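Asker: Test case, fold it:
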Amino acid sequence: MRNQFDTQLNTLHVELIKMGALCEESIAAAMKSILEGDGAMAERAAGAEREIDRKERDIEALCMKLLLQQQPVARDLRAISSALRMISDMERIGDQAADIAEISGFLAGCALTSRVHLKEMAVEAIQMVTDSVDAFVKSDLALARDVMRHDDAVDGLFQQVKDEVIALIVEDNHNGECCIDLMMIAKYLERIGDHAVNIAEWVEYSITGARKQEREDSIL
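Answerer: Have a look, this model is predicted:
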């Protein structure tokens, strides 16, 4: 029974890696559609988002199978319940990447995308998603906590983009509509970073039995 459980748990890890890779693909494609005006990339992001939805359903079914058929012990139970929470965050990441791609249609002719730090923000957010999933698969608590700390970098870039957008509007108030779209993209990227932090916190729970907020509450 344990061998069968370990095989299915390994399958869960593989499927989570695939879902994480789809999240990375969707963000990268969405940002390429924004930065390069590539409509095909917007479609690719939308396609990846649909694949992420299907993957969420598949992983949810696998987790339920593990719970109902294998009677996991405490740590295994935490891993499975954490995976169920993680795929919810990854599904939201896919949604937000698709939302970014949708904005690309409104930015045609806007020459301001290269004047704000959206590309840098996207790189940081993608890395956080990658590392959070890797932390779960490898049971790497240090990597999970590094993802949590790295959220400060994304938040800092978000503030920088806000400052840059304000400067662009002051420079020319005709930039207003384009700048609103740029701020929406930055906000979606900031939320993606938040979801990566949520994933990392569930990794911490799967390993230690406590999430960050619970540890802080116990200290207080």
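
Asker: all helices for the chain, in order.
Answerer: 2-36, 39-70, 74-103, 118-138, 141-171, 176-208, 212-219 (DSSP state H).

Asker: mean pLDDT for these: which is lowest?
Answerer: In terms of mean pLDDT, the lowest-scoring of those is helix 212-219 (a mean of 51).

Asker: What is the neighbour count of the residue nearest to residue 203 when sequence neighbours are not counted?
Answerer: Closest residue in space to residue 203, ignoring its immediate chain neighbours: residue 144 at 4.0 Å, by CB to CB, 6 or more residues apart in numbering. (Each C-beta comes from the backbone N, C-alpha and C, glycine too.) Other residues near residue 144 come to 27 when the count uses other CB atoms under 10 Å.

Asker: Likewise for residue 14?
Answerer: 11.

Asker: Quick check: the gap between residue 161 and residue 185.
Answerer: With distances taken as CB to CB, to the nearest Å, residue 161 is found 9 Å from residue 185.

Asker: what's the overlap in contacts for the two?
Answerer: residue 118 (CB atoms under 8 Å, 6 or more residues apart in numbering).

Asker: the more surrounded of these two?
Answerer: Each of residue 161 and residue 185 has its neighbours counted (other CB under 10 Å); residue 185 has more, 25 against 22.

Asker: so what's that one up against?
Answerer: Listed by CB under 8 Å, 6+ apart, the contact partners of residue 185 are 34, 100, 103, 118.

Asker: Among the residues you listed, which pair sits farthest apart?
Answerer: Using CB to CB, these reach their maximum pairwise distance at 103 and 118, which is 10.9 Å.

Asker: tell me, what's touching the two both at once?
Answerer: Counting by CB under 8 Å, 6+ apart, the residues touching both residue 103 and residue 118 are 34, 185.

Asker: The two - which one has more neighbours?
Answerer: residue 118 (21 against 18).

Asker: got the contact list for that one?
Answerer: The contact partners of residue 118, by CB under 8 Å, 6+ apart, come to 31, 34, 35, 161, 182, 185, 186, 189.

Asker: By neighbours, which of the residues you listed wins?
Answerer: Result: residue 189 is most packed of the contacts of residue 118 (other CB under 10 Å), 28 neighbours.

Asker: so what's that residue closest to, chain neighbours aside?
Answerer: Closest to residue 189 by CB to CB, 6+ apart is residue 121, at 4.6 Å.

Asker: Excluding chain neighbours, what is closest to residue 89?
Answerer: Closest residue to residue 89 apart from its sequence neighbours, by CB to CB, 6+ apart: residue 195 at 4.2 Å.

Asker: actually residue 191, not the one I wrote
Answerer: Of all residues not flanking residue 191 in the chain, residue 96 sits nearest, at 5.6 Å (CB to CB, 6+ apart).
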